[in-house]
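Undergrad: Sequence plus predicted model, see below.
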Amino acid sequence: MHNQSEIAAILVLWKSHWQQAKLEWNPLLRLQEPIWCLSKQDAWKEGLTGSFAMIRLTDHRIVINLEEITERGITDYAIEVLAHEIGHHIFAPANLYDNAILLNRIRFALPGIEDRAPMVSNLYTDFLINDKLQRTNKLRMAEVYKAINSEDNFTELWTLMMRTYEYLWRLNRGELATNLSFHSKKIDADASLLASLVRSYSKGWIHGGGRFAVMLYPYLMDDKKFEEARKKILILLDAEDAGKGAMDISGMTELDLEGYDEVIDMRKEAITSKEDHHDKKDRDSLGIEKNPAGGHGPRNGYMGPGNYIDLMKQVNPKADEQRLVNAYYKEIALPHLIDFPVEISENKSMDLPEGLETWDIGDAIEEVDWLQSAILSPTIIPGLTTQKRTYGSDSDNSISESPLNIYLGIDCSGSMGNPRHNFSWPILAATIIGLSALRAGASVMGCLSGEPGDYLETDGFITDETDLLTTLTSYLGTGYAYGIERLRKPFGVKPNKKSHIVIVTDNDIFSMLDSDTHTDQTHWELAEIALKNAGGHGTMVLHSPPDYNKDLVMRLQKMGWNIYYVTNETELLKFAAEFSQQNYAYV
Amino acid sequence: MSKYDVFELVTHLRKCPEAYLQSSDFFSTEGVNSIALVQDTYRLVTNDFLRNDFNISSNLGTIDDNHWRAIHISTWLLSNPDFINNPVIEDKLYSFWFIELHKASAYVKCNEWINDDERAEEMVRLLLYCCEIIPFGENQDEAADKLSSLSSVERHKVLKQSYEAHERIMKIKREMEEQKAREAANTYGRE
């Protein structure tokens, strides 16, 4: 335990080096002074637990634990430590988006152990920053590691890190990797490759993440070894939670094909380096998790929802899962939404008599109001007693058309996949229609139904996007079909405003229509009444081959239901886009 | 200037002129006459410009172009003042050029000897090792360890082993995942 006066003196010293640390990167750099924590308790309150420093990309802050720094004996390296932390802010990862991209690429290279990606990302960016500071800025980064090193720290992973620095900075064996018992030819070979990787990718570091992670994979794959290594390396992890508390980061759902191609094993590259590669694309990307079809969703161009949620929770460990699912489907739906409606107003105006003024010679003769002139004076003197009427205009700018509301009923029975785990076409279709309707100014009611069993619906027709998406992206997995009974609440009696009804289901709906209601009214009758009361039109999207249950389909059509067949779930996207255009894209 | 300072020799090596990277051409029409270059280097090292009986490989046909170019580059390194008029290393050069450099050239492309810091240092250390010279500021063990940690031959061997081991593990993982996916698909089909 160090006394407070000692730590206070160190605070003064470190504060005096802040400007110099910023100058190491850029004289024009504007960054708030770090949050100086004088005790471990203070640091803990700021979220700094394992290391002596950390960065937060969310509020662009650096947090320094001066008590830990004093204990570690690195009080003399203020510029080195501060410049390193600044480096995370302006060099790597620098911002939340690049941080997320890097994490994603590293995850590609760590199949089965993706949970280790934040640590790998932190170590990779540390290398990039430290190498720049040591070799270009001539700071004493090696000395900092010498001070941190203790015999207890060493594991295979730590040795690999230290040997890599020895290769990078041409240090003798054992200067940093002091525990020689962990040295091996394998670590030497890997460290030598890592050193060349750090140098090669210092300018385009985002492209080296995949290769770096592949190199580290063998050191992280064993759970027990990893846990041990992590405990020791915790002291170095200053950017692992850099994105904690971040808001949504858009653009992450699309499959990062470039990142997949960069998951390359440098060991293989090195042992085949002399072979000519006429076509660079021939280089074997491990593409470990690459789906042969390319991905999920439209054009197979998106990552799966489960993968997306995992990634974004690594970017921001505090992220709310429901919010992420909503963001996922919304982002994929966006290109298919209707354009924002543009209001074109046609001025319907009419002239209203407003008052009188003198008609003068030179005015059009037909403008003379003879009656008013005679009332003013029986003697007509042009320009003196002649009157003319003035008019004002009354215009009407309002549009009389207003979009119909929409009811979205989604079959969420056992045959449906959980949209959080697997990409769901019905949910994407519902999202496109729902968000298009909201954009056009309509209200939307969403209902997931898997009956007999359970259902989940919005509180009537709503205009809140989050509530709608939260309902649509939930999951039931009960029963066998959409429950026709759900139409009773919104359309049992005629609502104030007309509405479209869209029900996405499959052939099991006919079993539901035929099922016993234990009342006088059958489900068929309810379906007919609901459609009539809705006042718009109803579409039943059937995942079924056309002409299947032909008689029953005709019965529905006679009631006024449109039937839209999809034989492949991807056709739901086409339906949703067309439906939105037809019903909500008018101006 | 310290004699046999690795850093200084690497700096010298990296300044190797483009001309040394040309192909080997014994008739010296388009490339470099390798035999002449090697003999000139012998003369420079021995400081005997009248001799012609230098030790040169008898199997010149078996030396590939990449190896010849590595030899060309090494002759530039040997033009450093540290090696000029140094007759004791004359009989060590055969082993350096035609045995050690031959092995290393199998894994290093000739331009890497100049462009890559590590490979440049490897050539310098290999030459010093063959000539039984201990680099400035190091002892014998340190020098041997540094050469060993840079050796392309050893590195290739180790990387091959660890790559193959890694591939085996990844193959098993892939197979297990495919098996899992098949089982999941079957479950869905049964539903």
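TA: Arrived safely. Worth saying up front: this structure is predicted, and the values here are computed from it rather than measured. Numbering: from 1, shown residues only, chains lettered A, B, ... in the order given.
Undergrad: Write out the residues of chain A neighbouring chain B.
TA: A:111-112, A:167, A:170, A:172-173, A:185-186, A:188-190, A:192-193, A:195-196, A:199, A:217-218, A:221, A:265, A:267-268, A:270-271, A:273-274, A:286, A:288, A:414-415 (Cβ under 8 Å from any Cβ of the partner chain). C-beta here means a position set from N, CA and C on the backbone, and glycine is covered the same way.
Undergrad: tell me what the lengthiest helix in chain B is packed against?
TA: For chain B, the helix with the greatest residue count under DSSP state H is helix B:152-190. Counting contacts by 3 or more Cβ pairs under 8 Å, 6 or more residues apart in numbering or on different chains; DSSP states H and E, helix B:152-190 packs against helix A:185-200, helix A:209-220, helix A:266-271, helix B:101-105.
Undergrad: now these in a markdown table, with distance to B:Glu183, mean pLDDT and mean neighbour count?
TA: Compiled in a markdown table, the helices and strands packed on helix B:152-190 are given as follows (distance: least, Cβ to Cβ, whole Å; pLDDT from 0 to 100; neighbours: other Cβ atoms under 10 Å in any protein chain shown):
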| stretch | distance to B:Glu183 | mean pLDDT | mean neighbour count |
| --- | --- | --- | --- |
| helix A:185-200 | 35 | 92 | 22 |
| helix A:209-220 | 25 | 94 | 24 |
| helix A:266-271 | 31 | 86 | 21 |
| helix B:101-105 | 50 | 94 | 20 |
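Undergrad: pLDDT weak spots in the stretch 151-300 of chain A?
TA: For the stretch 151-300 of chain A, the stretches with pLDDT under 70 are A:273-294.
Undergrad: hmm, 50 instead?
TA: Scanning the stretch 151-300 of chain A for pLDDT under 50 picks out the ranges A:276-282, A:289, A:293.
Undergrad: how about the residues of chain B that lie near chain A?
TA: B:7, B:66, B:106-109, B:116-118, B:142, B:145-146, B:149-150, B:154-156, B:158-163, B:165-166, B:169-170, B:173-174, B:177, B:191.
Undergrad: Which among those count as buried?
TA: Among the residues of chain B next to chain A, the ones that count as buried by 16 or more other Cβ atoms under 10 Å in any protein chain shown are B:66, B:107-109, B:116, B:118, B:145-146, B:149-150, B:154-156, B:158-160, B:162-163, B:166, B:170.
Undergrad: In the stretch 401-550 of chain A, what residue lies closest to chain B?
TA: Closest contact between the stretch 401-550 of chain A and chain B, by Cβ to the nearest Cβ, is at A:Ser415 (6.1 Å).
Undergrad: And the pLDDT at that residue?
TA: Each residue has a pLDDT score; the one for A:Ser415 is 78.
Undergrad: That one: how many residues sit nearby?
TA: A count of nearby residues for A:Ser415, using other Cβ atoms under 10 Å in any protein chain shown, gives 15.
Undergrad: Settle this for me: it is touching A:Asn507, isn't it.
TA: No - when contacts are counted by Cβ atoms under 8 Å, A:Ser415 is not listed as touching A:Asn507 (10.6 Å).
Undergrad: what mean pLDDT does the helix or strand containing A:Gln41 have?
TA: In the assignment (DSSP states H and E), A:Gln41 maps to helix A:40-45. On average, the pLDDT along helix A:40-45 is 93.
Undergrad: For it, buried residues please.
TA: A:40, A:42-43.
Undergrad: What of stretch A:142-155?
TA: For stretch A:142-155, burial by neighbour count (16+ other Cβ under 10 Å) applies to A:142, A:144-145, A:147-149, A:153-155.
Undergrad: Identify those among these that sit within helices.
TA: Per DSSP H, the buried residues of stretch A:142-155 map to helices at A:142, A:144-145, A:147-148.
Undergrad: Taking those residues together, which two end up most distant?
TA: Pairwise distances across these peak at 10.9 Å for A:Ala142 and A:Ile148 (criterion: Cβ to Cβ).
Undergrad: how close does A:Thr49 sit to A:Ser499?
TA: A:Thr49 sits 53 Å away from A:Ser499, going by Cβ to Cβ, to the nearest Å.
Undergrad: my bad, should have said A:Leu472
TA: Separation of A:Leu472 from A:Ser499 (Cβ to Cβ) stands at 17 Å.
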